[in-house]
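Undergrad: Sequence first, predicted model second:
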Protein chains: 2
Amino acid sequence: MSLEPILIDGDWRPSTNPTDSFVAINPTTKEEIPNEYPVSGLDDVEDAMTAAQQAVNELRSLPREKIAEFLEKFADNIESCATELVDWAYAESALPKEPRLGSIELPRTTNQLRQGAAAARDCSWSLATIDTKTNIRSMYRPLGGPIAVFGPNNFPFAFNSSAGGDFVAAIAAGNPVIAKANTGHPMTTKLLTELAFDALQQSELPKATVQMIYRLNPDDGLKLVSHPRLGATGFTGSKYAGLQLKAAADKAGKPIYLEMSSVNPIFVLPGALSERSEEIADEFFTSCTMGVGQFCTNPGMLVLVDGPKSEQFLDQCRQRFSAGSNGVLLGRSAPDSISESIETLTAAGAEIVTGGLAADAPGYSFDNTLLRVTGNDFINNPEALQTEAFGPVSLFVFAKDNAQLATVIDSLEGNLTGCIYSDSEGSDDALYDQVAPLLRDRVGRLLNDKMPTGVAVSPAMNHGGPYPATGHPGFTAVGIPASLLRFGALHSYDNVRPHRLPVELQDKNPAGHMWRLIDGMWTQADI
Amino acid sequence: MSLEPILIDGDWRPSTNPTDSFVAINPTTKEEIPNEYPVSGLDDVEDAMTAAQQAVNELRSLPREKIAEFLEKFADNIESCATELVDWAYAESALPKEPRLGSIELPRTTNQLRQGAAAARDCSWSLATIDTKTNIRSMYRPLGGPIAVFGPNNFPFAFNSSAGGDFVAAIAAGNPVIAKANTGHPMTTKLLTELAFDALQQSELPKATVQMIYRLNPDDGLKLVSHPRLGATGFTGSKYAGLQLKAAADKAGKPIYLEMSSVNPIFVLPGALSERSEEIADEFFTSCTMGVGQFCTNPGMLVLVDGPKSEQFLDQCRQRFSAGSNGVLLGRSAPDSISESIETLTAAGAEIVTGGLAADAPGYSFDNTLLRVTGNDFINNPEALQTEAFGPVSLFVFAKDNAQLATVIDSLEGNLTGCIYSDSEGSDDALYDQVAPLLRDRVGRLLNDKMPTGVAVSPAMNHGGPYPATGHPGFTAVGIPASLLRFGALHSYDNVRPHRLPVELQDKNPAGHMWRLIDGMWTQADI
């Protein structure tokens, strides 16, 4: 059987000297899906890199409008093929067709593309800054090399390497993309890439603006992210893979933006428990089992002050976790990976409250699982007890008092999110004021009275956070225009003759609505 | 003789278990200056780190106004002690008292401090973003750990670890600083730190907001930049030291901003040569010998298209370099270091046109030196031929034609700056349009008809650029408010109750003049 083609330099062609091949598995049936895909070697990487450089050069001088048109056409194309995309994504990921894939994730994906188009058209993301006194002008512009995008397994559309958030951000900022598909959903990625390529041709963008390969051996992945011609990398995935890529990219001086693991701690303060424990238990259960617990922002840890109400709350959660149905996990390695994480947690002193085993089901599945541990144990072994179990698994930490709650926070690694539930009458306010500043420095997004799953595509979103949740505390992977800054280089122009400046930095505002910081004032006006 | 004290946790005290000691040398006389300074060990690092954490916690809740007051008082203090500072900086660096130290660098330093104060007070640097529809709000806030600042030898005031650009940016963004003095000017740094500490006490900032040690062994330096409690590092200095620090910081997931080597290529196009070669030769000579060639933006490379006018231009430059006097270099290792770089260049095919030897003078000195090489040789050995000689040394590259000019650019590493001189009548325009886009991607700041030395403290400045000129292409070390972003973490607030938000993100504009991006519009208004 022939291998599926890859997209290089505007050509759907066989991989040159693939190092291996692979197939995808339907997680619902545990059966192989017939299509076979190449594992690309360095020949494909080099070809893509050479073609991308040509695209970099051409994109420099194209009007931004062309990029906006491309992103919009791509969104339209996705909507035209929604049924086929949803069918394939379901087959490859087992995520429910409705509402998840068809009514939530697909519209989110097209929304991101259209927001990216607006950002590309408007160009306010570039923080254009003009100092008329010195005649120095600066803005963020494309990086001068393609962006390698590694997509995760858990969002086949919205974080897809050929259509998702990193893709949109890289393209909207003016860079070509070399997409490395997630091996869990290669056909979904192929279809999206086809739709992207159609849009590319309609918009007359350089043919190598989007290129796609399915998979690389780990060593070749390191070579991609450290390639001399690369602009930067956007990666969403496991900490294990992410840190290896980071080491290679760092050594080569190549920017890499990683979104890795996070346990997303939830703090439920005593007053909130007294006031509305059933309601919070509902929210917690819903959040923990959304997407079968396979969200980057899944609440994997809940911290309480010890006491009868906390025990009662755990029991309320236990009931929901035990009674809840088990969804189908994304892939064949998921149950073992979750088991391993649970073993790490129990070896470090955690006890299983409910669940703990792979579920007996036709598809890949795992019990909804709760564990508990004391604050003492947590403080003594914080690293092991922050092991992420990527599934419907959460650990309760019982601090013995408020002081220990603070110490627990002090032991936390960087996380994407942190939530605090407090009562509405003010009895938790003093404790909140102790907890929040400590937690604040350890998370990218701080929430009140709300679970962290459901990452709004908002300009004020931070889907990021301190290491090791990500590789850098200053950037977000979600939210337009902020996420575009990752894929821009700061370009300053000193005494450059007016007609040689990028249109965005010339005296006249390019389209009358771009925001620019002129002599310390943000304005949409001309100079 | 007792060692000079370090400043830890508000206390001028002896280093605990110093690993060694050192003295500074007066470069003009080559004599040791009597004061002796400790090389700190890890005890001092740990003490500083512990005290800094307390300062981090206290700074979180202080009004920004306090930080602004501190920076302004510090600037005032510097002005009050200008004579003593200039005397010491001259003794330790040999940089001329006038105009350089007293009338250029010192006012620049106080100007930076006052601009930092304005940025801290105003807080527009933080890119506060409010999405009223989702009630998500974000801004850049302090990193949650101190900033280690490593200052370079060539600007004893303006880039000093206790008073310069990185110091100002870190403090104005709300972070405490652990300053690591440059060992070339320890007493200048001690005096500045004393003035900072006085201002600190007057402004009632946490006493560990500024701490200072003089020196660390290389291994201990690596431990500082990778310390679990560190926020980030700002480093200006050699590529050799910078890359080692970068590797350690990257491995620990700690942000590090480096400003390392750069040859700052100048392209003089044929029309410009015909039009005004004497004038350009004057500018080039002045720029190359400013600060005895020891500027980060010193033009270390000049690229021309081969031909009689180019030869004539080289000769015009040669005359100026030969006739020019030799200044005193910053330190005792400078002449040998320049000689080594010149050996690397000549081994790779460059020929000496004038100079090339350490000068016979009472102080450390080196001939004004020009070298030349063909475009062919450059393309065949670009790495060696981009060796930075940190002094009054520059390499002419003669490309055989326009096409080779482009290939030379393609071989360039990342640089802080790149300049293009072209004629005023348009005869160079076609070549400019070929050269500029290629050069643009390889430099942080692109200039027209102007030498790169003299880095304006402008909001539109980029004193940064692609690796290996720096560690990241998105940041500038000079320019307020842009340089503050290096020392901020992106903090998002999701559904956080109004009174718990930072004042900068509450509905009411905090002081009526902060710029915030509210629902896509930059405004100074309340919500």
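TA: Thanks, I have it. Residues are numbered from 1 along each chain as shown, chains lettered A, B, ... in the order given.
Undergrad: Any regions of chain A where pLDDT drops low?
TA: For chain A, applying pLDDT under 70 flags the ranges A:1.
Undergrad: now the farthest one out in chain A, which residue is it?
TA: Distance from the C-alpha centroid of chain A peaks at residue A:133, with 41.3 Å (C-alpha atoms, centre = their mean).
Undergrad: From chain B, how far off is that one?
TA: Computed as C-beta to the nearest C-beta, to the nearest Å, the residue A:133 to chain B distance reads 8 Å. Quick note: C-beta positions are derived from backbone N, CA and C, even for glycine.
Undergrad: contacting residues around the residue of the stretch 151-300 of chain A found nearest chain B?
TA: Residue of the stretch 151-300 of chain A nearest chain B, by C-beta to the nearest C-beta: residue A:253 (3.1 Å). By C-beta atoms under 8 Å, 6 or more residues apart in numbering or on different chains, the contact list for residue A:253 reads B:414, B:467-468, B:471.
Undergrad: now do 6 Å
TA: Contact analysis of residue A:253 by C-beta atoms under 6 Å, 6 or more residues apart in numbering or on different chains lists B:467-468.
Undergrad: before we move on, what about residue A:481?
TA: Residue A:481 touches A:119, A:125, counting by C-beta under 6 Å, 6+ apart.
Undergrad: Tell me which helix or strand residue A:199 sits in.
TA: helix A:186-203 (DSSP states H and E).
Undergrad: re earlier: which phi and psi does the residue of the stretch 151-300 of chain A closest to chain B have?
TA: In terms of degrees, to the nearest 10, the main-chain angles of residue A:253 are phi 70, psi 30.
Undergrad: What's the separation between it and residue B:471?
TA: Distance from residue A:253 to residue B:471, counting by C-beta to C-beta, to the nearest Å: 7 Å.
Undergrad: okay, and the common contacts of those two?
TA: Here residue A:253 and residue B:471 have no joint contacts, going by C-beta under 6 Å, 6+ apart.
Undergrad: Identify the residue spatially nearest to the residue in the stretch 101-250 of chain A that chain B sits nearest to, adjacent ones excluded.
TA: Relative to chain B, the nearest point of the stretch 101-250 of chain A is residue A:144 (3.2 Å; C-beta to the nearest C-beta). Leaving out its chain neighbours, the residue that sits closest to residue A:144 by C-beta to C-beta, 6 or more residues apart in numbering or on different chains is residue B:441, at 3.2 Å.
Undergrad: Show the residue spans covered by the strands in the stretch 251-400 of chain A.
TA: For the stretch 251-400 of chain A, the strands defined by DSSP state E, counting those that start in this stretch occupy A:256-259, A:265-268, A:301-305, A:351-354, A:369-374, A:393-399.
Undergrad: will you turn the ones you listed into a markdown table that also has distance to chain B and mean neighbour count?
TA: As requested, the strands of the stretch 251-400 of chain A are exported to a markdown table (distance: least, C-beta to the nearest C-beta, whole Å; neighbours: other C-beta atoms under 10 Å in any protein chain shown):
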| stretch | distance to chain B | mean neighbour count |
| --- | --- | --- |
| strand A:256-259 | 10 | 26 |
| strand A:265-268 | 13 | 26 |
| strand A:301-305 | 18 | 24 |
| strand A:351-354 | 28 | 17 |
| strand A:369-374 | 22 | 22 |
| strand A:393-399 | 19 | 26 |
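Undergrad: wait, which of those strands is closest to residue B:296?
TA: strand A:256-259 (25.8 Å; C-beta to C-beta).
Undergrad: Mind exporting the C-alpha coordinates of the closest one to PDB?
TA: C-alpha atoms of strand A:256-259 as PDB (Å, rounded to 0.1, in the frame of the first residue of the first chain):
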ATOM      1  CA  ILE A 256      10.700  27.900  20.800                       C
ATOM      2  CA  TYR A 257       7.300  28.400  22.400                       C
ATOM      3  CA  LEU A 258       6.100  25.400  24.200                       C
ATOM      4  CA  GLU A 259       2.900  24.600  25.900                       C
END
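Undergrad: which residues touch that strand?
TA: Against strand A:256-259 from outside (C-beta under 6 Å, 6+ apart): A:225, A:233-236, A:242, A:246, A:249, A:470-471, A:475, A:477, A:486.
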